[in-house]
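> any chance you could fold what I've pasted below:
(one chain, ligands or ions: 2)
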Amino acid sequence: MTNSAFPSLSTPAGPIPADAPQWNRQRRSQMPSHRYRDVYSRVDVPLTSREWPTKRLTAAPLWVPVDLRDGNQALAEPMDPARKLRFFELLIAMGYKEIEIGYPSASQTDYDFVRVIAEGEIVPADVAVVVFTPARRDLIERTVESIRGIRNEVVIHMYTATAPIWREMVLGKGREELRELVLAGARDVLELAGHLPNVRFEFSPEVFNLTEPDYVVEICDAVTELWDATPQRPVILNLPATVEIATPNVYADQIEYMHTRLARRDSVILSVHPHNDRGTGIARAELAVLAGAQRVEGCIFGNGERTGNVDIATLALNLHAQGVDPMIDFSDIDEIRRTVEYCNRIEVHPRHPYVGDLVHTAFSGTHQDAIKKGFAEHRARAAAEGRPERHIEWRVPYLPIDPADLGRSYDAVIRVNSQSGKGGIAYLLESEYGIELPRRMQIDFSRRVQEHTDSTGVEIDAAGLLALFERSYPSSGLGATEATDDPSLPERSAS
Ligand SMILES: CC(=O)SCCNC(=O)CCNC(=O)[C@H](O)C(C)(C)COP(=O)(O)OP(=O)(O)OC[C@H]1O[C@@H](n2cnc3c(N)ncnc32)[C@H](O)[C@@H]1OP(=O)(O)O
Ligand SMILES: CC(C)C(=O)C(=O)O
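Numbers count the residues shown, from 1 in each chain. Ligands and ions are numbered 1, 2, ... in the order given. Got it, this is the predicted structure:
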């Protein structure tokens, strides 16, 4: 049966599943879901008991932004040198201590940028830079050549896909041959850069999340042995969810499996690199840290191939919102966003966590009412405690963090349309014009605002509210003039 409004869609015509509860009348759809297999039939997830669900996030992991490599390789127009430099300077200013700066064998631009880092004086001494390479000798040579002269710590990050489909379809190798390819690459890295005292190594078994667990432990252990990982010169093992394929708890199980089985564990920095194909990159990274990950690679605001890399700004601010220092400075999030948008030439969505234009805004009446009461309580409590408002505990309903922590004002916290109520309208008039409406008048005026916004269908700003107010109550004498002492009419407060 076709749906007249949406002719290309057909109403599901299949049966209601036999085991569906009485209250659920959904029918089987026409979607060809039988074409896909669940994760449990694609990869063994052998953990039977787990510690991670009982753990808590109490400290920030080491954040490693990969915007200049993984983010960059996803852009229709990769960053030019000026954009790369601007992005890099932003990352330094925010406080990142390890930054992936590129894939020097990919293009002359990437190579030249590494040379800019090598030859300039722009990297603080306590910042390590990461360069990325596949396990191919020619490309490893080019990578090592690119870092010559860098005095900072450098991480050479080598990757090879290890999952069966990639092994067979892309690289044309069996398990043993692939192991040999990885070890040959690792030997090349060691031969060409092992003598450089400021260089450390990282290995990523790409598509870790679809690789047989015993095999990935075997490969990783072979690599850490070859590179002779020690606590003084630890090796980073980075376990990517290159393409998300399962619920985040499965990834947490996979990470805990590795965390508890890897050899030389005290000489390994366990790192994760989630993507966001299922929209669960954040959850994946958070659960992975519970499961033993110490380092997280991602992109600020989640740029990256397909649906992006995990968003390390959201991850960090999730910690902040739990009272944990994110170790990265987001106190001017709009400046960060402007720079990221300029460099990536991609806009940040208005609903993007923490940074979107609308994420600190309530249009709906009951939420506005709660926020208004929350602000009043906040101010009163600060006064009662004799402490600045910015220092006391934040408890305002519907605002998970204080927008001021991110350098934002409260201007857009309440915006009025037909979904709004008297609390929000009163808040705007009071905060913008110092007009305090008595409750009876709030009720009356909000009815008039409702009529107005219902008929126009659009938002009304504070100036529009004031004009409507003056038209509605000409005898109030407010607006540009004096407050009245008639108790049924509003007062203009001293502020
Ligand atoms: C998950 C990730 O983000 S991985 C990073 C992906 N990023 C990029 O690819 C961006 C930069 N890449 C590039 O500029 C180019 O791909 C280059 C310069 C690295 C290589 O270019 P080319 O030599 O033209 O090779 P091409 O791009 O076709 O790569 C495929 C070849 O590399 C091999 N390969 C792929 N990954 C790896 C690896 N990690 N280690 C060794 N070989 C690999 C493939 O088997 C294939 O070999 P074949 O040609 O013998 O079949
Ligand atoms: C190779 C790794 C680090 C990666 O970029 C990925 O798997 O997405």
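> so Gly292 sits against Gln254, correct?
No. Gly292 is beyond contact range of Gln254, at 10.7 Å (criterion: C-beta atoms under 8 Å). In short, each C-beta sits where N, CA and C put it, glycine included.
> what residue in the stretch 251-400 of the chain comes nearest to ligand 1?
Using C-beta to the nearest ligand atom, the closest approach of the stretch 251-400 of the chain to ligand 1 is made by Glu305 at 6.8 Å.
> quick one, what contacts the nearest residue to that residue once chain neighbours are set aside?
Among residues not flanking Glu305 along the chain, Ala74 sits closest, at 4.2 Å (C-beta to C-beta, 6 or more residues apart in numbering). Contacts for Ala74 were tallied using C-beta atoms under 8 Å, 6 or more residues apart in numbering; they are 303-306, 308.
> what helix or strand is the residue of the stretch 251-400 of the chain closest to ligand 1 located in?
In this assignment (DSSP states H and E), Glu305 forms part of neither any helix nor any strand.
> which residues does it contact?
By C-beta under 8 Å, 6+ apart, Glu305 lies in contact with 70, 73-74, 275.
> which ones are touching the most centrally placed residue in the chain?
Geometric centre of the chain, nearest residue: Asp311, 2.1 Å, by C-alpha atoms, centre = their mean. Contact analysis of Asp311 by C-beta under 8 Å, 6+ apart lists 276, 281-282, 298-302, 353.
> per-residue pLDDT, it?
The model reports Asp311 with a pLDDT of 98.
> next, give phi and psi for it.
With angles defined as degrees, to the nearest 10, Asp311 sits at phi -90, psi 110.
> now the helices: where do they sit in the stretch 51-200 of the chain?
Remark: helices assigned in the stretch 51-200 of the chain by DSSP state H, counting those that start in this stretch are 81-94, 108-119, 137-146, 164-165, 175-193.
> buried residues, the last one. List them.
Of all the residues in helix 175-193, those buried under the rule 16 or more other C-beta atoms under 10 Å are 178-179, 181-183, 185-189, 192-193.
> make JSON lines out of these and add pLDDT.
Shown next, in JSON lines, are the buried residues of helix 175-193 (pLDDT from 0 to 100):
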{"residue": "Leu178", "pLDDT": "98"}
{"residue": "Arg179", "pLDDT": "98"}
{"residue": "Leu181", "pLDDT": "98"}
{"residue": "Val182", "pLDDT": "98"}
{"residue": "Leu183", "pLDDT": "98"}
{"residue": "Gly185", "pLDDT": "98"}
{"residue": "Ala186", "pLDDT": "98"}
{"residue": "Arg187", "pLDDT": "98"}
{"residue": "Asp188", "pLDDT": "98"}
{"residue": "Val189", "pLDDT": "98"}
{"residue": "Leu192", "pLDDT": "98"}
{"residue": "Ala193", "pLDDT": "98"}
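> any idea how far Pro197 is from Ala184?
With distances taken as C-beta to C-beta, to the nearest Å, Ala184 is found 24 Å from Pro197.
> do the same with Lys422
69 Å.
> neighbour count for the two, which is higher?
Lys422 (22 against 8; other C-beta atoms under 10 Å).
> ok, the more buried one touching Ile443?
Yes. Using C-beta under 8 Å, Lys422 makes contact with Ile443 at a distance of 5.8 Å.
> for ligand 2, what are the nearby residues on this protein?
In this structure, the chain approaches ligand 2 at residues 70, 159, 204, 206, 238, 240, 242, 273, 275, judged by C-beta under 6 Å from any ligand atom.
> who's in contact with the last one?
If you count contacts by C-beta under 8 Å, 6+ apart, His275 has them with 240-244, 281, 304-310.
> mind checking pLDDT for it?
pLDDT at His275 comes out at 98.
> that one pairs with what?
Note on His275: beta-bridge partners by DSSP bridges are Asn309.
> what's the neighbour count on the residue nearest to Leu315 when sequence neighbours are not counted?
Nearest residue to Leu315, sequence neighbours excluded (C-beta to C-beta, 6+ apart): Ala285, at 5.6 Å. Neighbour count for Ala285, taken as other C-beta under 10 Å: 31.
> I figured Ala285 was touching Val272, is that so?
Yes. Judged on C-beta under 8 Å, Ala285 makes contact with Val272 at a distance of 6.0 Å.
> overlap in contacts, the two.
With C-beta under 8 Å, 6+ apart as the test, Ala285 and Val272 both reach 293, 296.
> I'd like to know which elements the helix or strand encompassing Leu465 is packed against.
Assigned by DSSP H and E, Leu465 belongs to helix 462-472. Applying 3 or more C-beta pairs under 8 Å, 6 or more residues apart in numbering; DSSP states H and E, one finds that helix 462-472 makes contact with helix 422-433, helix 439-456.
> tell me which other helices or strands the helix or strand just after the shortest one touches.
Beyond helix 422-433 in the direction of the C-terminus, DSSP H and E gives the next helix or strand as strand 435-436. Contact partners of strand 435-436 among helices and strands, from 3+ C-beta pairs under 8 Å, 6+ apart: helix 422-433, strand 491-492.
> please produce CSV containing the ones you listed, extended by distance to Arg408 and mean pLDDT.
Output for the helices and strands packed on strand 435-436, formatted as CSV (distance: least, C-beta to C-beta, whole Å; pLDDT from 0 to 100):
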stretch, distance to Arg408, mean pLDDT
helix 422-433, 15, 95
strand 491-492, 27, 58
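> reformat these as TSV; add distance to Pro231.
Converted to TSV, these look like this (distance: least, C-beta to C-beta, whole Å):
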stretch	distance to Pro231
helix 422-433	55
strand 491-492	67
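> deepest-packed of these, please.
Neighbour counts (mean count of other C-beta atoms under 10 Å) averaged over each of those peak at helix 422-433, with a mean of 22.
> how about low-confidence regions in the chain?
Applying pLDDT under 70 to the chain flags the ranges 1-3, 12, 477-495.
> now do the phi/psi pair for the nearest residue to Gly421 once chain neighbours are set aside.
Leaving aside its chain neighbours, Gly421 sits nearest to Gly365 (2.6 Å; criterion: C-beta to C-beta, 6+ apart). Here is the backbone geometry of Gly365 (degrees, to the nearest 10): phi -60, psi -50.
> before I go, just wanted to say thanks for your time.
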